[in-house]
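In: test case, fold it:
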Amino acid sequence: MQFKTNLNVISWVSSVLIMAFACRAECQTSGRSAVLLERVKFDIIYNGAVAGSTGADTGTRVTILQEKDGKMLVGLNSLRAWIDKTKLETSGTTAGPTPVQSIVNRFNYILGTQTVGGKYHFTDKTALVETAGIIHNLGATSVKFEMGPGYRVNPSFHSLVDFARDEPSVRQVLDMPFANYQLWISPFGTPSAKKSAPDNEWQRQQSKIEYREVYDLVTYLLNTYNGSGKTFFLGHWEGDNMLRGGISKEKDARVTPEAVQKFIAWLTVRQKAVDDAKHDTPHGNVQVWHYTEINHPTISLKDNRPSIVNMILPHVPVDFVSYSSYDVTNEPQAEKIKAVLDYIESKLTPKPGIPGKRVFIGEYGYPTISGGKAHLTPQEQNERSMITMRAALEWGCPFILYWQVYNNEIEEDGRHRGFWLIDEKNVKQPIYETHRLYYVWARKFVTDVATQTGKPPSPVEFQNAAAAYLNTAIARRP
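Out: Below you'll find the model as predicted:
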């Protein structure tokens, strides 16, 4: 009986491995097979919880819990331990992507989009998984979404690691074959919306909690996706809204020395947590960076009024800055966009280990309805987007992220404002087609360069070619 049982286990585990190897083509990543096996494991664990192990789980084999109807029921935890223990390498075992395909699938195409709080979806998948699939199928290699208690609150989650590891939709998207992730992170143990309150409660009691959650998340990402080629950018939503509360002059009074110091302390804790975790965790071919997001730099550039760009950035060595750029892109003019980007970059403290520009467009977009009235046609939405895309490409932004796949804002009369690639009737807008055609061109360009040279184009080479492509596309508009 023991011999028969062992054969059944071997047969069952073999099927797991076969399925893992089969999903390699879908994953399009050469990351650890432990990651691939984790994905398969979630799909094939049999229904129902079975209690009472027949023996101690040593972590080196799969523990049989029960045999029923000829099927082996395998403990979730013991299978996870077995996978993590073995860390089998698939490289050389099955046919994976060619070197050129690997370059194309991991290349940063700069243009991208995001999925946050969409008001509709069309399948039985969660909105996050559905929209991430749309982004991937468009041809993008980056995705932006939020991680924290604001998304699908579950009382069993007590930290960002719990959320990243155990929230099924989040785990599925993190495992998808994206190369770059821009993530709004909100730790579960800290009052993230009150960082600018004029007291020292956060600094006294919460800084250690914030540090630990961010540190542990970075450690988890580095360990889980070691060797995957993924890069994670950890940041937050529009910081000037936290510091100032709005753009009006009356809000200037909120930017007190105490509020400034508190915001500096908060970003410093986050940056230190990222830096320390990277220093302490052996890793390769995976990266994590920290960013702050700003949204009112123009008032500082024009009138020297207080905002994050002139009050905070010079004092915190953040890795990157995300610019939620509506204050300059609502009426897009290339030179004005570039001037604001220059101003933001000038306020950054040096980071010799990061090549290229460190300011990216974290949000830009154009509603079709505003204030209850028609605002822009779909064609005008697309035209303004292309102006912003081209200007930011010419300047050198590492990412330019359109807001967003599905609309997230509703007018008082119930109509969607129209921040979308796809509307509430599942109709793809002209801006969707602009992104699709861009990725077709971009992937062909990178394929051609990689085929000829054996390596990807340099960021500058690609940026120049992409800006030229958009120039041509804009010129061809009817």
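In: for the stretch 351-478 of the chain, which segments count as strands?
Out: Taking DSSP state E, counting those that start in this stretch, the strands of the stretch 351-478 of the chain run over residues 359-364, 369-370, 373-374, 400-402.
In: can you list contacts of the third one?
Out: Strand 373-374 is touched from outside by Thr368, with contacts defined as C-beta atoms under 8 Å, 6 or more residues apart in numbering. In this view, the C-beta of every residue, glycine as well, is placed from N, C-alpha and C.
In: hmm, back to that, the strands of the stretch 351-478 of the chain: which one's closest to Glu146?
Out: strand 359-364 (12.3 Å; C-beta to C-beta).
In: that closest one - contacts with which helices or strands?
Out: Helices and strands touching strand 359-364, by 3 or more C-beta pairs under 8 Å, 6 or more residues apart in numbering; DSSP states H and E, are strand 320-324, helix 326-329, helix 334-346, helix 378-395, strand 400-402.
In: how far off centre is the fourth one?
Out: Averaging C-alpha positions (C-alpha atoms, centre = their mean, to the nearest Å) puts helix 378-395 22 Å from its chain's average.
In: packing partners of it?
Out: helix 334-346, strand 359-364, strand 400-402, helix 430-453, helix 459-475.
In: what's the burial count for the closest residue to Lys428 other than its chain neighbours?
Out: The shortest distance from Lys428 to any non-neighbouring residue, by C-beta to C-beta, 6 or more residues apart in numbering, is to Ile422 (5.4 Å). Ile422 sits with 20 neighbouring residues when counted by other C-beta atoms under 10 Å.
In: and what of Tyr326?
Out: Tyr326: 17 neighbours (other C-beta under 10 Å).
In: quick one: contacts for Lys336?
Out: Taking C-beta under 8 Å, 6+ apart, we find Lys336 in contact with Val328.
In: and the pLDDT for it?
Out: On pLDDT, Lys336 comes in at 98.
In: let's see the pLDDT reported for the residue nearest to Arg106 when sequence neighbours are not counted.
Out: Distances taken as C-beta to C-beta, 6+ apart put Ala179 closest to Arg106, at 4.5 Å, once the chain neighbours are dropped. Residue-level confidence at Ala179 comes out at 98, pLDDT.
In: re earlier: could you redo the strands of the stretch 351-478 of the chain as TSV and give each row distance to Ser102?
Out: Listed next are these as TSV, based on distance: least, C-beta to C-beta, whole Å:
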stretch	distance to Ser102
strand 359-364	24
strand 369-370	43
strand 373-374	46
strand 400-402	24
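In: and the ones you listed: which comes nearest Pro317?
Out: Closest among those, using C-beta to C-beta: strand 359-364, at 14.5 Å.
In: any buried residues in that closest one, and which?
Out: Within strand 359-364, the residues scored as buried using 16 or more other C-beta atoms under 10 Å are Val359, Phe360, Ile361, Gly362, Glu363, Tyr364.
In: identify the residues contacting it?
Out: Residues outside strand 359-364 that contact it (C-beta under 8 Å, 6+ apart) are 114, 144, 182, 235, 293, 295, 320-326, 329, 341, 344-345, 348, 385, 388, 392, 397-403.
In: what angle do it and helix 378-395 make?
Out: If you take axes from the mean of the first three to the mean of the last three C-alpha atoms, to 10 degrees, strand 359-364 sits at 170 degrees to helix 378-395.
In: give me the distance between strand 359-364 and the centre of its chain.
Out: Counting by C-alpha atoms, centre = their mean, strand 359-364 comes out at 13 Å from the chain centroid.
In: got it, and stretch 175-185?
Out: Centroid separation for stretch 175-185 versus its chain: 3 Å, with C-alpha atoms, centre = their mean.
In: per-domain residue ranges of the protein.
Out: Taking automatic domain parsing as the criterion, the chain consists of the domains 2-86, 99-475.
In: what sits against the nearest residue to Tyr343 once chain neighbours are set aside?
Out: Excluding its sequence neighbours, the residue lying closest to Tyr343 (C-beta to C-beta, 6+ apart) is Leu301, at 4.7 Å. Counting by C-beta under 8 Å, 6+ apart, Leu301 touches Val309, Ala339, Val340, Tyr343.
In: and the buried ones among these, selectable in ChimeraX?
Out: Command for ChimeraX, covering only those of those found buried under the criterion 16+ other C-beta under 10 Å:
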select :309,340,343
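In: can you put the contacts of Leu301 in TSV and add distance to Val316 and pLDDT?
Out: Rendered in TSV, the data for the contacts of Leu301 read as follows (distance: C-beta to C-beta, whole Å; pLDDT from 0 to 100):
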residue	distance to Val316	pLDDT
Val309	12	98
Ala339	23	98
Val340	20	98
Tyr343	17	98
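In: what's the most distant pair in the contacts of Leu301?
Out: Taking C-beta to C-beta, the two most distant members of the contacts of Leu301 are Val309 and Ala339; they sit 12.8 Å apart.
In: what are the bridge partners for Tyr402, then?
Out: Using DSSP bridges, the beta-bridge partners of Tyr402 come out as Thr113, Tyr364.
In: so what pLDDT did it get?
Out: For Tyr402, pLDDT reads 98.
In: for it, what are its contacts?
Out: Taking C-beta under 8 Å, 6+ apart as the test, what Tyr402 contacts is Leu111, Gly112, Thr113, Gln114, Tyr364, Gly365, Ser385, Leu421, Ile431, His435.
In: apply 10 Å and report the result again.
Out: Residues near Tyr402 by C-beta atoms under 10 Å, 6 or more residues apart in numbering: 111-114, 144, 361, 363-366, 385, 388-389, 419-421, 431-432, 434-435.
In: in PyMOL, select just the buried ones from those.
Out: In PyMOL, this line selects whichever of the contacts of Tyr402 come out buried by 16+ other C-beta under 10 Å:
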select buried, resi 111+112+113+114+144+361+363+364+365+366+385+388+389+419+420+421+431+432+434+435
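In: distance of the residue nearest to Tyr343 from Ile294?
Out: 11 Å (C-beta to C-beta, to the nearest Å).
In: who touches both of these two?
Out: Here Leu301 and Ile294 have Ser307, Val309, Asp327, Ile344 as joint contacts, going by C-beta under 10 Å, 6+ apart.
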